[in-house]
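In: quick one: sequence plus predicted model below, questions after.
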Amino acid sequence: MTKKLAGLIVFLITVFIVVPWLISVTGRTDLYYVFTSVALLSIASAGVWLTFYIGRINIGQGAYALMGGYVSAILIMYYGWSFWWTLPVAGMFCAVASILIGIPILRLRGVYFAMVTLILTEVMRLLALAVPITNGAKGITSIPPPGPLSIFGFVLVPDFATLQNPRIAFYYLSAVLMIICFALMYRLVHSRIGHICMSLQQNEELASSIGVNIAALRVMAYAISSFLGGLAGAVFIGATQSIYPSSFTVTDSVNFMLNCFLGGLGYVFGPMLGTLVLYLGWNLLFSTGEYQLLIYSAAMIVLMLVLPNGLLSLGAKRKD
Amino acid sequence: MAQILEVKALTKRFGGLTAVNDVSFAVNEKEILSVIGPNGAGKSTLFKLISSFLSPTSGEVTFKGERISNQSPHIAARKGVVRTFQETTIFRNMSVRDNVIVAHQLRARASLLGFFLGSAEARRDEARFAESADEILSFLGLDGIGGEFARNLPHGHLRALGIAIGLATKPTLLLLDEPFAGMNHDETMKAVSMVRKLRERGLTVLLVEHDMQAVMKISDRIVVLNFGEKIAEGTPSEIQNNQRVIEAYLGVEDEAIGL
């Protein structure tokens, strides 16, 4: 218990003090955008991880990130909503959409479910190109930065437009959201709900024979997953102030899945570590030019062969 | 004795094949009833129909007067009809004790949200489940290996674990899927006494089985299927002397039915 607490404190200090300090010392303020991305992508990856936890390979999180991004952008630009209110609404919109989509497709297992979700991302991109309100390939641009967030007149977050460096603000916002999401996810997985999800992953027929409503539970997990995807997408468009049909593509969906694989499917914090390593790894390889993808893919294959249970399995004690 | 499970004119067709054809029988409270029959007689299909893993083409299954066929397995389980599986169906990557604890889901009083928030009710549930799981494990002689991963258990323990998972749901009627398959004589005798102990716990047991000797020893009544149809029903001694049953098992008759 104390070890966990110490780990948490070290983590919080790293995120909120060490990283900003290092960035200010080195003057690399562009890194704020990198870490903001890592935080947001790891939220979306956490959703994918949860669907893995109930035994479904989800390669469609990009669809919900895109959907959440558009919901937020449309509400801000066309309906004058505050950025802050669009976050939960975008998440809920995606959750409801995923329930409608999930009820038929969650009956599929293994590679069949994976294929359908993969197509889902592409469908969402084509949809964004086709429907009028998303403004086609030109996307929605010049989205204003978030206004102030206040509760009962007490300003929690100042208007981003008045800040000297809104990048830092987005970094803190994303970090806080990431920590909340992973804390809730940790609680979920370590509660009885997590054990039931686990039973679903291990054997659906047996789970249903002991009275678990497996169809409802699958849909619930998928809805939570998509909520996280939509939330991440909505914050993302706030940070980039624009959204296009190509903002989240099949490649992103695949990356969300790879983040989970790399970090470890058996660990709640797997997707967070996986996202960090993959995102930074990809960017570090940028200087290798045309070989970037080759080296990246080869490294991924090797890592999966050497560490099939993910990076976090290095630190975990072998249980058997 | 009151009838608790009624199988009424149950028929299941797979395309042109009629796996179960117009089968009717009833299970009395606290009885051990076995369904036997040669390979391909439709035993497994009947088993799945009763536990709602398959939906019948026609006919129905009622439990305490309520229809449980044409539902989902978890609905049948909620009403008190729970099946076990053959040995490979367990939660492999969980400990033996966790397998049994998670199977207590039907007895939870707290909601899922309660479990998420760790409400007082949820904590009481957790404590009750752990206690009950330990009781079930010791009842089935699995105490001492609760911490093992289920995937590492030997065959005999796996089958006991399957039954432990079933018991955790606190069923009224437990359906056992070939509980003696692949066992030698000594193991079968142990398993027979275990099934009797289940009845002493107040359970009604319906089992589907190949092993004739065990079935003759253990059953109060036997239903015999052949080519999807019920050809006989009665006490073990009635079944042993039934001409149609002997014909159905022709070729292996004498030894197989223990004459």
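Out: Looks like it arrived, so ask away.
In: direction included, what does the helix or strand of chain A with the lowest mean pLDDT pair against?
Out: One helix or strand of chain A scores below all others by mean pLDDT, DSSP states H and E: strand A:154-157, with a mean of 78. Here strand A:154-157 is paired, per DSSP bridges, with strand A:149-151 (antiparallel).
In: give me the residues contacting the partner strand.
Out: The contact list for strand A:149-151, computed with CB atoms under 8 Å, 6 or more residues apart in numbering or on different chains, reads A:82, A:84, A:155-157. The C-beta positions use only the backbone N, C-alpha and C, and glycine is treated the same way.
In: ok, so of those residues, who is nearest B:Leu175?
Out: A:Trp84 (54.0 Å; CB to CB).
In: what packs against whichever helix or strand the closest one is part of?
Out: Counting by DSSP states H and E, the element that carries A:Trp84 is helix A:83-105. If contacts are counted by 3 or more CB pairs under 8 Å, 6 or more residues apart in numbering or on different chains; DSSP states H and E, helix A:83-105 sits against helix A:61-79, helix A:110-130, helix A:214-240.
In: give me the number of residues near A:Val254?
Out: By other CB atoms under 10 Å in any protein chain shown, 15 other residues sit near A:Val254.
In: my read: it touches A:Asn58, true?
Out: No: counting by CB atoms under 8 Å, A:Val254 does not reach A:Asn58; the two are 10.8 Å apart.
In: who in the stretch 1-150 of chain B is up against chain A?
Out: B:51, B:53, B:72-74, B:77-78, B:82-85, B:89-94, B:98, B:101-103, B:105-106, B:108, B:112, B:115-116, B:118, B:122, B:125-126, B:149 (CB under 8 Å from any CB of the partner chain).
In: which of those count as buried?
Out: B:51, B:53, B:72-74, B:77-78, B:82-85, B:89-91, B:93-94, B:98, B:101-103, B:105-106, B:108, B:112, B:115-116, B:122, B:125-126, B:149 (16 or more other CB atoms under 10 Å in any protein chain shown).
In: for B:Leu225, helix, strand, or coil?
Out: Here B:Leu225 is recorded as strand under DSSP: H, G, I helix; E, B strand; the rest coil.
In: count the neighbours of A:Gln201 for me.
Out: So A:Gln201, with other CB under 10 Å, has 20 neighbours.
In: what sits closest to it if chain neighbours are left out?
Out: A:Gly55 (3.7 Å; CB to CB, 6 or more residues apart in numbering or on different chains).
In: any idea how far that neighbour lies from chain B?
Out: 11 Å (CB to the nearest CB, to the nearest Å).
In: what kind of secondary structure is that residue in?
Out: Under three-state DSSP, A:Gly55 comes out as coil.
In: and B:Ala26, by the same measure?
Out: Going by three-state DSSP: B:Ala26 is strand.
In: residue in the stretch 151-259 of chain B nearest to chain A?
Out: B:Thr169 (5.2 Å; CB to the nearest CB).
In: all strands of chain B, in order?
Out: Using DSSP state E, the strands of chain B run over B:3-14, B:17-28, B:32-36, B:58-63, B:66-67, B:81-83, B:173-177, B:204-208, B:221-226, B:229-234.
In: got the buried residues for stretch A:271-291?
Out: Buried, per 16+ other CB under 10 Å, within stretch A:271-291: A:271-279, A:285.
In: how about these in CSV, adding secondary structure and distance to chain B?
Out: Putting the buried residues of stretch A:271-291 into CSV (DSSP: H, G, I helix; E, B strand; the rest coil; distance: CB to the nearest CB, whole Å) gives the following:
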residue, secondary structure, distance to chain B
A:Pro271, helix, 19
A:Met272, helix, 20
A:Leu273, helix, 21
A:Gly274, helix, 20
A:Thr275, helix, 24
A:Leu276, helix, 27
A:Val277, helix, 25
A:Leu278, helix, 26
A:Tyr279, helix, 30
A:Leu285, helix, 35
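In: mind putting these in TSV, pLDDT included?
Out: Listed next are these as TSV, based on pLDDT from 0 to 100:
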residue	pLDDT
A:Pro271	94
A:Met272	95
A:Leu273	94
A:Gly274	94
A:Thr275	94
A:Leu276	94
A:Val277	93
A:Leu278	92
A:Tyr279	93
A:Leu285	89
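In: spell out which parts of chain A neighbour chain B.
Out: Counting by CB under 8 Å from any CB, chain A sits next to chain B at A:187-188, A:191-193, A:195-196, A:198-199, A:202-203, A:205-206, A:208-215, A:319-320.
In: report the buried members of those.
Out: A:187-188, A:191-193, A:195-196, A:198-199, A:202-203, A:206, A:208-215.
In: OK, contacts around A:Tyr279?
Out: A:34, A:37-38, A:41.
In: so which of those residues is the most crowded?
Out: Going by other CB under 10 Å, A:Leu41 tops these with 28 neighbours.
In: list the contacts for the residue nearest to that residue when sequence neighbours are not counted?
Out: Excluding the flanking residues, the one nearest A:Leu41 by CB to CB, 6+ apart is A:Thr275, at 4.9 Å. Contact analysis of A:Thr275 by CB under 8 Å, 6+ apart lists A:38, A:41-42, A:45, A:259, A:263.
In: mind listing what's buried in stretch B:32-50?
Out: B:32-38, B:41-50.
In: between the two ends of that stretch, how far is it?
Out: One end of stretch B:32-50 sits 16 Å from the other (CA to CA, to the nearest Å).
In: how far off centre is it?
Out: 11 Å (CA atoms, centre = their mean, to the nearest Å).
In: what mean pLDDT does that stretch have?
Out: Averaged across stretch B:32-50, pLDDT comes to 91.
In: hey, which of the strands of chain B is tucked in deepest?
Out: Neighbour counts (mean count of other CB atoms under 10 Å in any protein chain shown) averaged over each of those peak at strand B:81-83, with a mean of 28.
In: what lines up beside that one in the sheet?
Out: Counting by DSSP bridges, strand B:81-83 is paired with strand B:173-177 (parallel).
In: and the partner strand with strand B:58-63, angle?
Out: 120 degrees (axes from the mean of the first three to the mean of the last three CA atoms, to 10 degrees).
In: go ahead and confirm B:Ala26 touches B:Gln3.
Out: Yes: assessed by CB under 8 Å, B:Ala26 is found in contact with B:Gln3 at 4.3 Å.
In: most centrally placed residue in chain B?
Out: B:Leu175 (1.7 Å; CA atoms, centre = their mean).
In: ok, now chain A?
Out: Centre-nearest of chain A using CA atoms, centre = their mean is A:Ala44, 1.1 Å out.
In: mind checking how far that residue is from chain B?
Out: Counting by CB to the nearest CB, the gap from A:Ala44 to chain B is 21 Å.
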